[in-house]
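Engineer: pasting the sequence and the predicted coordinates here, then a few questions.
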Amino acid sequence: MPAQNSGPRRDTRGIVDAADLFAHVRFRRHEPAPELRPYLEHYWLIDWDLPQPYASHLVPHPSINLVFQRYDDGRPDFLELSGVGLALDTRKLAGRGRVCGIQFRPGGFRPFAPGFPVSEWTDRVIPADPVFPTADPTAVLSPDRDEDRVAALDAFLLGLDPRPDPQAELAMELVDRIRHDRTVRRVGALAREAGLSARSLQRLFAAQVGVGPKWVVLRYRIHEALEHAESDDAVDWARLAAELGYADQAHLVRDFTATLGVPPSVLRPGASRA
């Protein structure tokens, strides 16, 4: 079965104070079935049983997420669609519950819902019923074993019969280039390398990713800066700013603070978060 090949994965990019999150909840990531991997980053599963409320913080990826959710407050199980978030995402957890999320690759969602332009959902969280009316949240959330939840997620997505889409594939390829190649700093150069005009590149990203290519470049810069801020108490911010393509340290700190609401110094190892 697909779930047998999907071991847990640990990847903290974008999570603010990942160690604190992992101390409060059971957080796991799993690989989807091989047929789905061209479109998905991973599945993410969280279970919690909290004596006191807890708030988690995430700098969102340029990805669409589908989130199956169960809480102990009397609500029935439900499924939400989260568009690409533009700002820091804060989620408050209390009592007992669990969620099972699907994080699509940037550009990887449209093959599952080709009739819906993803830009309509940017910075929005909506009930997923209009897009996926046959989804059964309880079938995904009820199993206790991770492999059974993963199998249910695989079955749900495979039942949607995703079809290859050259435009989606191009968008995913370009986002991967941005994520892994620090030299990609200017949208015009990226467009030329892809054989597109700047306007065509903007349209491609709007239709397939939900945000523009410049925004994606900036978001991955912030992810890298966050990783440095939380893991190294002696970051050379001027040097890092230059490596990430910023004109100077002040511009990096400004973008970081605008995204997270606090400057990098607040998140350095050992710094007080009170």
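Structural biologist: Arrived safely.

Engineer: only C-alpha atoms from now on, for both contacts and neighbour counts.
Structural biologist: Noted.

Engineer: what segments of the stretch 51-200 of the chain are helices?
Structural biologist: 137-141, 146-158, 166-180, 187-194, 198-208 (DSSP state H, counting those that start in this stretch).

Engineer: and the fourth one, what does it pack against?
Structural biologist: For helix 187-194, the packing partners by 3 or more Cα pairs under 8 Å, 6 or more residues apart in numbering; DSSP states H and E come out as helix 198-208.

Engineer: and the helix it packs on, what's buried?
Structural biologist: Ala198, Leu201, Gln202, Arg203, Leu204, Phe205, Ala206, Ala207, Gln208 (16 or more other Cα atoms under 10 Å).

Engineer: nearest residue to Glu227 in space, please, no chain neighbours.
Structural biologist: Arg13 (6.9 Å; Cα to Cα, 6 or more residues apart in numbering).

Engineer: next one: Arg28
Structural biologist: Leu45 (5.2 Å).

Engineer: what secondary structure does the residue nearest to Phe27 when sequence neighbours are not counted sit in?
Structural biologist: Excluding the flanking residues, the one nearest Phe27 by Cα to Cα, 6+ apart is Ile46, at 4.6 Å. Following DSSP: H, G, I helix; E, B strand; the rest coil, Ile46 is assigned to strand.

Engineer: my read: Ile46 touches Cys100, true?
Structural biologist: Yes: Ile46 is within contact range of Cys100, at 6.6 Å (criterion: Cα atoms under 8 Å).

Engineer: pretty sure Val140 contacts Leu153?
Structural biologist: Yes: between Val140 and Leu153 there is a contact at 6.3 Å, judged by Cα under 8 Å.

Engineer: got a pLDDT number for Pro117?
Structural biologist: At Pro117, the pLDDT value in this model is 86.

Engineer: give the buried residues for stretch 207-217.
Structural biologist: Ala207, Gln208, Val209, Gly210, Val211, Gly212, Pro213, Val216, Val217.

Engineer: work out the gap between that stretch and the centre of the chain.
Structural biologist: 13 Å (Cα atoms, centre = their mean, to the nearest Å).

Engineer: would a markdown table of the helices of the stretch 51-200 of the chain with distance to Ser265 and mean pLDDT be doable?
Structural biologist: Listed next are the helices of the stretch 51-200 of the chain as a markdown table, based on distance: least, Cα to Cα, whole Å; pLDDT from 0 to 100:
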| stretch | distance to Ser265 | mean pLDDT |
| --- | --- | --- |
| helix 137-141 | 39 | 98 |
| helix 146-158 | 37 | 99 |
| helix 166-180 | 24 | 95 |
| helix 187-194 | 30 | 91 |
| helix 198-208 | 33 | 96 |
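
Engineer: any chance of CSV for the ones you listed, columns distance to Thr122?
Structural biologist: Below are these laid out as CSV (distance: least, Cα to Cα, whole Å):
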stretch, distance to Thr122
helix 137-141, 23
helix 146-158, 22
helix 166-180, 16
helix 187-194, 20
helix 198-208, 10
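
Engineer: which of these sits closest to Ala242?
Structural biologist: helix 166-180 (16.3 Å; Cα to Cα).

Engineer: packing partners of the closest one?
Structural biologist: helix 198-208, helix 213-231.

Engineer: what residues are up against Leu66?
Structural biologist: Leu79, Glu80, Leu81, Ser82, Gly101, Ile102, Gln103, Ala128 (Cα atoms under 8 Å, 6 or more residues apart in numbering).
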